[in-house]
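Colleague: build the 3D model from these lines:
(chains A and B)
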Amino acid sequence: MQGSIQLKRDPAVQYLLRVGDTALILAQRLAEWCGHAPVLEEDIALANMALDLVGQSRALLTHAGTLEGAGHDEDQLAFLRDERDYFNATIAELPRGDFAFTVLRNLIVATWAKLLWERLQASSDAEVSAIAGKAVKEARYHQQHAADWVVRLADGTTESRRRIDAALAELWRFGAELFESDAVDTAAHAAGLGPRFADLREPWLAEITAVFDEAGLAIPAESGFRSTGTRGVHSEHMGFILAEMQHLQRSFPGGVW
Amino acid sequence: MSTQTEWPLWEVFVRSKAGLDHKHCGSLHAADPKLAIQMARDVYTRRQEGVSIWVVRSDQIVASDPGDKAMYFDPAEDKVYRHPTFYELPKSLDHM
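Modeller: Numbering: from 1, shown residues only, chains lettered A, B, ... in the order given. Modelled structure (predicted):
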């Protein structure tokens, strides 16, 4: 059995892992649709997006490992950290739910990711800037795909509307965490590595509002609830998803295929 | 087969690169034109197969009747003179 690696706490590393882990964990959730999506075409679409996110995550984790300077590669970072050392936003780790839940979560996260990647293209870190140049195109498609489905489900049948309403009631409060600022992103901003997350909120809300207007959905009221995954404190779902993801690397250390 | 709840069928045509023709590559079910294009992108171009996509509702395509095959196509069999293979081409046009 392979023990956990110890992650050095560094603001730049943590900033990149917030983005990379969010992509990694959401990819895992989207991959759960493989073989289960409502139609074959969506099955492939969701798996494609999961793979896009895995690709983004691999690039960011590899680079975070380089910045950390402790010799950790992408696999070690992806599969050998303890739960507290993952910095994905909690919204990514919530169980996959039904299709309405999935596309609404994708809309919330992909809109955030697209705005973030757009800004990361101007990063002072050339590697991050290059990763962003590729990822922003993927995120644009993820956003459009999710937005189209949210509109269709909201404006569809009584059943699809009921499901999107339920998803919105459940998910909305988890979106707030994506725009929380603290010492980590403030340092990244000061160093020119990337934007403060709080600065993404206004353009994000404008884009979400445009989709919701088309869908006939109202933006829910603000709540005081804040999830804390980006600080390493996760929901009860995180342990289960990590157990599934980590099992092979823990049982067969260094295993590749 | 239920027809009420099934999405309509679309035929997908993909242009592999600028300058070439769109080629039929398959079909899929989708609720409307926009989704059909998106799904075609996900199903048929994920290995860099294309730079442009057309989709057409399958029920909008008018097809020849398989029963007419002999009448339609067999008569061309012995009309070799319709092929321009009897012209000598200059060397520089070798790959025409």
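Colleague: okay, CA-based contacts and neighbour counts for the rest of this
Modeller: OK.
Colleague: now do the SS call for B:C25.
Modeller: Counting by DSSP: H, G, I helix; E, B strand; the rest coil, the backbone at B:C25 sits in strand.
Colleague: next one: A:G224
Modeller: A:G224 ends up coil, using three-state DSSP.
Colleague: got it, and the one 3 residues further on?
Modeller: Secondary structure of A:S227, reduced to three states by three-state DSSP: coil.
Colleague: per-residue pLDDT, it?
Modeller: Looking at A:S227, its pLDDT stands at 98.
Colleague: nearest residue to the closest residue to chain B within chain A in space, please, no chain neighbours.
Modeller: Nearest to chain B in chain A, going by CA to the nearest CA, is A:A45, at a distance of 5.3 Å. Nearest non-adjacent residue to A:A45, counting by CA to CA, 6 or more residues apart in numbering or on different chains: B:D42, 5.3 Å away.
Colleague: that neighbour touches A:A47, doesn't it?
Modeller: No - the criterion here is CA atoms under 8 Å, and B:D42 misses it with A:A47 at 9.4 Å.
Colleague: could I get the full set of helices for chain B?
Modeller: B:33-44, B:69-73 (DSSP state H).
Colleague: what packs against the first one?
Modeller: Under the contact criterion of 3 or more CA pairs under 8 Å, 6 or more residues apart in numbering or on different chains; DSSP states H and E, helix B:33-44 touches helix A:40-68, strand B:9-15, strand B:22-29, strand B:52-57.
Colleague: between the ones you listed, which one is nearest to A:D182?
Modeller: Of all the helices and strands packed on helix B:33-44, helix A:40-68 sits nearest to A:D182, with 19.0 Å by CA to CA.
Colleague: list the residues that contact the residue of chain A closest to chain B.
Modeller: By CA atoms under 8 Å, 6 or more residues apart in numbering or on different chains, A:A45 lies in contact with B:M39, B:D42, B:V43.
Colleague: could you dump those residues to CSV with pLDDT and neighbour count?
Modeller: Shown next, in CSV, are the contacts of A:A45 (pLDDT from 0 to 100; neighbours: other CA atoms under 10 Å in any protein chain shown):
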residue, pLDDT, neighbour count
B:M39, 92, 22
B:D42, 91, 20
B:V43, 92, 21
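Colleague: from A:R9, how far off is A:A31?
Modeller: 30 Å (CA to CA, to the nearest Å).
Colleague: who has more neighbours out of these two?
Modeller: A:A31 (20 against 10; other CA atoms under 10 Å in any protein chain shown).
Colleague: thought the more buried one was touching A:I44?
Modeller: No - using CA under 8 Å, A:A31 is not in contact with A:I44; the gap is 9.9 Å.
Colleague: what does the pLDDT read for the nearest residue to B:K17 once chain neighbours are set aside?
Modeller: Distance criterion CA to CA, 6+ apart; nearest residue to B:K17, sequence neighbours excluded, is B:V51 at 5.7 Å. pLDDT for B:V51: 94.
Colleague: count residues in the vicinity of A:R29, would you?
Modeller: A:R29: 21 neighbours (other CA under 10 Å).
Colleague: also B:L20?
Modeller: B:L20 has 9 nearby residues by other CA under 10 Å.
Colleague: now do the phi/psi pair for it.
Modeller: phi -90, psi 170 (degrees, to the nearest 10).
Colleague: look up phi and psi at the residue of chain A most remote from its centre.
Modeller: What lies farthest from the middle of chain A is A:T158; by CA atoms, centre = their mean that is 29.7 Å. A:T158 adopts backbone torsions of phi -60, psi -40, taken as degrees, to the nearest 10.
Colleague: so for stretch B:72-87, what gets flagged as buried?
Modeller: Residues of stretch B:72-87 classed as buried: none (neighbour count, 16 or more other CA atoms under 10 Å in any protein chain shown).
Colleague: and chain B, which residues reach chain A?
Modeller: By CA under 8 Å from any CA of the partner chain, the residues of chain B that approach chain A are B:L28, B:H29, B:Q38, B:M39, B:D42, B:V43, B:R46.
Colleague: ok and the residue in chain B nearest chain A?
Modeller: For chain B, CA to the nearest CA, closest residue to chain A: B:D42, 5.3 Å.
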